[in-house]
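Peer 1: Pasting a predicted model and its sequence here:
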There are 2 protein chains.
Amino acid sequence: MTPSPRLVTVAACQLGAVHLADSRQDVLKRMFSLLDQASEQGVKLAVFPELALTTFFPRYLLKEEELDKYFDVEDPSKGGIEQSPNVKPLFERAKSLGIDVYVGYAERSLQSDGSHIDYNSSVYYSAHENKIVGKYRKVHLPGSVEPKTEPGAYQQLEKRYFRPGDLGFPAFRAPGLVEGALKKNSQSDGIQDSTGKGDPIIGMLICNDRRWAEAWRVYGLQGMEILCCGYNTTAFQTTSSGHAVDMSPEDAEDLVMQHHKLSCQGNSYMNACFSINVAKTGAEDGNPLVGGTIIVHPLGHIIKEAKTKEDELVVATIDLADCVRLKSTVFAFEKHRRPEHYHSIIERTGVIEPCLL
Amino acid sequence: MTPSPRLVTVAACQLGAVHLADSRQDVLKRMFSLLDQASEQGVKLAVFPELALTTFFPRYLLKEEELDKYFDVEDPSKGGIEQSPNVKPLFERAKSLGIDVYVGYAERSLQSDGSHIDYNSSVYYSAHENKIVGKYRKVHLPGSVEPKTEPGAYQQLEKRYFRPGDLGFPAFRAPGLVEGALKKNSQSDGIQDSTGKGDPIIGMLICNDRRWAEAWRVYGLQGMEILCCGYNTTAFQTTSSGHAVDMSPEDAEDLVMQHHKLSCQGNSYMNACFSINVAKTGAEDGNPLVGGTIIVHPLGHIIKEAKTKEDELVVATIDLADCVRLKSTVFAFEKHRRPEHYHSIIERTGVIEPCLL
């Protein structure tokens, strides 16, 4: 039995480099331009990168006061990121075009005692509801708290500037994203939708999260159909001392790209979901970031890929019914998973090796 | 700091079709031939497929008495599979050549009350110790208990013939597999080896297990350096009613092969381990199995791949020190994992979707 089509046109909104000197207004203008192009192509969901609004500042060792300008402050008593003057215009434009938006940003969350906690966050704005319907705080922060001390070491200070996300991996539905979705009624109240006909089920990750199968699986166990993931990924790998692995720049970038694709394609396949993986790319003040913005099919292949390292719209019309085949056979979790043997996944953080013989 | 090399030459011993009419003697002879060739190339570890000794019988609906001949009986009072007259000669040959062996077989485990429990199993035979040092029973059994009833449906009856494995995913060390491995002494007694200098840490999976990130991760959390996995994988996909998905045989096989490679490469990368993935392939009495025997590097790329769908030795000299780079950076689990957000991986088996809106 072939499931009914549930079509939606989506866009990965790749951004080229955002330099230190670029103003937030400059960046917003570029995002508007991508949204406008998306609208012309009938797009209903636009996915922007991680920390889309500024340069990737965790590559710099910064003082507290230098950090401020990269963050968007959220005061829970006044509302969330949708109130930030820096971001509000993006949602207003999206509203006027009828496009849902995923966007990554640096969140400064004000606490009731006046202090603040900072996260590397993303939100999902629903044009249909004119509000944010999903929020995620990056769980798998790469890098280190303390800067690497060896001369010439590459810095990755996300663990210094952000706290690991505290929201887990909360999937949610995107109202109105596909036509004719089944709605809650007196019959279905509180009953799970096993028909695959409700509003689409969305998951969000950020950058390094996409390499962690646990993150995808927690979403997979919520029936995720579309994973949105923005990233800023350095175009070379570093050793534990922070130096670039010794290979040519071309080989290094190839390797990073292979790992990016293996992660996105492998985990999309193993959870039978689409994924929209969106780069901030180009060289930010000389610091090269990989491109490789891709939209991936639940069967694991790449549907559409960016051709440049600049601002670029990557559009595909996807059919959420394509998730059904693997979700009902090879990856029918309820038939095949064996959680009684997975305990160590939550019972230990690091490696415990078998004893020496 | 570059870790010291820990070299070992390994072989994936791909088998071509084993037909219903082929005797166990015929198959053993072919396995001997592969072992002899392996020895000539300095191989120290030879990995054979799942259910290597017979045809892939779960594709047939069989009566109890017809099943017997496919199983090797293990009577715990008399020892394990190493006592089976069908398999003992393989280990004797391996002993004489100084080669460790992974081999898959159908295990009939006698119980003290005279009944038996059947598993799809593999063992790891150590030539150095002249005994079995690792045992695994397949956890993720595909297929169904009841045969598909629609005319022409393809049968996959592993869930009928086998019980899901009850041993979890126990990694173990392979004594003497690399030269000069650190041994237990009064100083290291009971202390974990974090130096990466002990005997190699091995994990075993069987066929469909390789698509399940949980299985790899439980091994990864034990510091696995080499994953051995044999498989019999049908060269087409089926719908939930058991019919081949509607595509050309070539396209269908390409798709199966892509999924095989995504699983092996993606999970090897995400756990920074080598994997030796070995097919039983060719057409068994007209039933096509994919090939694709591959040895995969911890950086995720394929080191060596089979060229045929027949008996074929795929040999590579690997350096276990190559596991260190990712295990100490991107995938330094103790620094980056966040088990507090992974609970649903063990708390639910199937999908629970977000409620309808």
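Peer 2: Cool, got the structure.

Peer 1: Restricting to C-alpha, output the helix or strand harbouring residue A:218 in CSV.
Peer 2: Under the criterion of DSSP states H and E, residue A:218 resides in helix A:213-220. The C-alpha coordinates for helix A:213-220 follow below in CSV (Å, rounded to 0.1, in the frame of the first residue of the first chain):
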residue,chain,number,x,y,z
ALA,A,213,24.0,9.0,16.6
GLU,A,214,22.4,9.3,20.0
ALA,A,215,21.0,12.7,19.1
TRP,A,216,19.4,11.4,15.8
ARG,A,217,18.0,8.4,17.5
VAL,A,218,16.3,10.3,20.3
TYR,A,219,14.6,12.2,17.5
GLY,A,220,14.0,9.1,15.5
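
Peer 1: so does that helix get close to chain B?
Peer 2: Yes - using CB under 8 Å from any CB of the partner chain, we find that helix A:213-220 touches chain B at A:213-218, A:220. Where you see a C-beta, it was placed from the backbone N, CA and C, and this is true even at glycine.

Peer 1: How about residues contacting that helix?
Peer 2: Residues from elsewhere that reach helix A:213-220 (CB atoms under 8 Å, 6 or more residues apart in numbering or on different chains): A:139-140, A:168-169, A:171, A:203, A:205, A:209-210, A:227, A:267, A:270-273, A:331, A:333, A:345, B:213-214, B:216-217, B:267, B:270, B:337, B:341-342, B:344-345, B:351.

Peer 1: let's go with 7 Å and repeat that
Peer 2: The set of residues external to helix A:213-220 that reach it, using CB atoms under 7 Å, 6 or more residues apart in numbering or on different chains, is A:139-140, A:169, A:171, A:203, A:205, A:209, A:227, A:267, A:271, A:273, A:345, B:213, B:217, B:270, B:341-342, B:344-345.

Peer 1: Quick one: buried ones out of these?
Peer 2: The neighbour count (16 or more other CB atoms under 10 Å in any protein chain shown) marks A:139-140, A:169, A:171, A:203, A:205, A:209, A:227, A:267, A:271, A:273, A:345, B:213, B:217, B:270, B:341-342, B:344-345 as buried among the contacts of helix A:213-220.

Peer 1: In helices, which of those residues appear?
Peer 2: Counted as lying in helices by DSSP state H, out of those, are A:267, A:345, B:213, B:217, B:270, B:344-345.

Peer 1: Quick check: the farthest pair among the residues you listed?
Peer 2: Using CB to CB, the two most remote members of those are B:270 and B:344, lying 19.1 Å apart.

Peer 1: tell me the SS of the residue nearest the centre of chain A?
Peer 2: In chain A, the C-alpha nearest the mean C-alpha coordinate belongs to residue A:229, at 2.1 Å (CA atoms, centre = their mean). When classified by DSSP: H, G, I helix; E, B strand; the rest coil, residue A:229 comes out as strand.

Peer 1: tell me the contacts of it?
Peer 2: Contacts of residue A:229 by CB under 7 Å, 6+ apart are A:205-206, A:210, A:275, A:277.

Peer 1: Next up, the contacts around whichever residue of the stretch 1-150 of chain A sits closest to chain B.
Peer 2: At 5.0 Å from chain B, residue A:139 is the closest residue in the stretch 1-150 of chain A, using CB to the nearest CB. By CB under 7 Å, 6+ apart, the contact list for residue A:139 reads A:164-165, A:209, A:215, B:338, B:341.

Peer 1: Just the pLDDT for the nearest residue to it once chain neighbours are set aside.
Peer 2: Excluding its sequence neighbours, the residue lying closest to residue A:139 (CB to CB, 6 or more residues apart in numbering or on different chains) is residue A:165, at 4.3 Å. You'll see residue A:165 listed with a pLDDT of 98.

Peer 1: Wasn't residue A:165 part of a strand?
Peer 2: No - with three-state DSSP as the criterion, residue A:165 is coil rather than part of a strand.

Peer 1: if I pick it, what's in contact with it?
Peer 2: Contacts of residue A:165 by CB under 7 Å, 6+ apart are A:119, A:136-139.

Peer 1: Quick one: mark the members of those that sit in strands.
Peer 2: A:119, A:136-137 (DSSP state E).

Peer 1: Just put those in JSON lines and tack on pLDDT and neighbour count.
Peer 2: Formatted as JSON lines, the ones in strands among the contacts of residue A:165 follow (pLDDT from 0 to 100; neighbours: other CB atoms under 10 Å in any protein chain shown):
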{"residue": "A:119", "pLDDT": "98", "neighbour count": "26"}
{"residue": "A:136", "pLDDT": "98", "neighbour count": "27"}
{"residue": "A:137", "pLDDT": "98", "neighbour count": "22"}
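
Peer 1: Filter these to keep only those in contact with chain B.
Peer 2: Applying CB under 7 Å from any CB of the partner chain, the subset of those adjacent to chain B is empty.

Peer 1: Report the spatially nearest residue to whichever residue of the stretch 151-300 of chain A sits closest to chain B, omitting neighbours in sequence.
Peer 2: When you check the stretch 151-300 of chain A against chain B by CB to the nearest CB, the closest residue turns out to be residue A:266, at 2.6 Å. Once flanking residues are discounted, residue A:266 sits nearest to residue B:266: 2.6 Å by CB to CB, 6+ apart.
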